[in-house]
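*Asks:* Fold the following, please.
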Amino acid sequence: MQPKPKEKPLEAKREERSNRRGDATRARILDVAERLFAAEGFSEVSLRRITSEADANVASVNYYFKTKDALLEAVFVRRIVPINKERMRRLQDCLASGLEGDDRLEGVVRAFVEPHIRMTNKFGPGGTVIMQMLARYASDPKRKIETILMRQYNPVWERFSKEFSTLLPHLSMRAVYWRFYFLLGALYYLNSGRQWLSDSSENLCNPTDVEASIEHLVPFLVGALKQPESEQKA
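*Replies:* Numbering: from 1, shown residues only. Here you go, the predicted model:
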């Protein structure tokens, strides 16, 4: 007979329970902050409001996040980091696949687009909230949201821009940046205009259909990226 595994000391069990409660409190604070920041704006929502709705106290926010700015960043990071990690993984897979020409360009576009569409859909309400927050950053007078976004997106922007430039040698770097910027706009508008498109197309187009969204968006983006550059480059 094998000896019975030793039971954990009572103090260790208490610590585990305390950690679980702490993780649950932190998650509730993030959920509530995410919803309120998106609905009302970062500046309009107080920490007391967040803690009240999260059934926590202000000391909990100070303990887990230190400041309100740090809480905002944690809200973004929770959603954005997994998407960007998957983008970089998909890009590496594409580059190692041996694809060439238009097939390689499509693979790079898919590496950027698909993780966003698929994962924001899996996030459920959180996916919608993060899109609302992305839309808000331009009107944030203190540019706090923009600063956080750039910290998370810049490495991805730089890596994909480099690959687009390699695949589109007929374009200047300026044109590559413009077209990548428009690609971002098309991708994010897909999330923000869902009900409008369904209604206006008499339900022929449903942006919540992940596969249909991807299969219509990717060829559109590839075609736009490939277009010759205007002679007037100024």
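*Asks:* Which strand or helix spans the most centrally placed residue in the chain?
*Replies:* With the centre of the chain defined as its mean C-alpha position, the nearest residue by Cα atoms, centre = their mean is Ile80, 3.5 Å away. Element membership of Ile80, judged by DSSP states H and E, is helix 68-95.
*Asks:* buried sites along that helix?
*Replies:* Judged by neighbour count (16 or more other Cβ atoms under 10 Å), helix 68-95 contains these buried residues: 68, 71-76, 78-80, 83-84, 86-88, 90-91, 94. The C-beta positions use only the backbone N, C-alpha and C, and glycine is treated the same way.
*Asks:* With stretch 96-111 instead?
*Replies:* Burial within stretch 96-111, assessed by neighbour count using 16+ other Cβ under 10 Å, is assigned to 104-111.
*Asks:* Could you list the domains of this protein?
*Replies:* What automatic domain parsing lists as the domains of the chain is 17-66, 80-226.
*Asks:* Same list (those domains) but as a markdown table, adding mean pLDDT.
*Replies:* As requested, those are exported to a markdown table (pLDDT from 0 to 100):
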| stretch | mean pLDDT |
| --- | --- |
| domain 17-66 | 85 |
| domain 80-226 | 87 |
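*Asks:* Roughly how far does the residue nearest to Phe160 when sequence neighbours are not counted sit from Asp199?
*Replies:* Once its chain neighbours are removed from consideration, Phe160 has its nearest residue in Phe112; the separation is 5.6 Å (Cβ to Cβ, 6 or more residues apart in numbering). In this view, Phe112 and Asp199 are 28 Å apart by Cβ to Cβ, to the nearest Å.
*Asks:* Give me the more crowded residue out of the two.
*Replies:* Set side by side, Phe112 and Asp199 show more neighbours around Phe112, with 26 against 10, by other Cβ atoms under 10 Å.
*Asks:* Quickly find the element holding that one.
*Replies:* Counting by DSSP H and E, Phe112 is part of helix 101-122.
*Asks:* who are the neighbours in contact with the residue nearest to Phe160?
*Replies:* 87, 90-91, 156, 160, 183, 187 (Cβ atoms under 8 Å, 6 or more residues apart in numbering).
*Asks:* Next, format the residues you listed as CSV and append distance to Thr147.
*Replies:* Formatted as CSV, the entries for the contacts of Phe112 read as follows, by distance: Cβ to Cβ, whole Å:
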residue, distance to Thr147
Arg87, 21
Arg90, 27
Leu91, 25
Val156, 16
Phe160, 21
Leu183, 22
Leu187, 21
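*Asks:* From those residues, pick the one nearest Leu171.
*Replies:* For the contacts of Phe112, the residue nearest Leu171 by Cβ to Cβ is Leu183; the value is 13.2 Å.
*Asks:* Excluding sequence neighbours, find me the nearest residue to the closest one.
*Replies:* Nearest residue to Leu183, sequence neighbours excluded (Cβ to Cβ, 6+ apart): Leu221, at 5.4 Å.
*Asks:* May I ask which helix or strand encompasses that neighbour?
*Replies:* Going by DSSP H and E, Leu221 is part of helix 210-226.
*Asks:* do Cys205 as well
*Replies:* Assessed by DSSP H and E, Cys205 sits outside every helix and strand.
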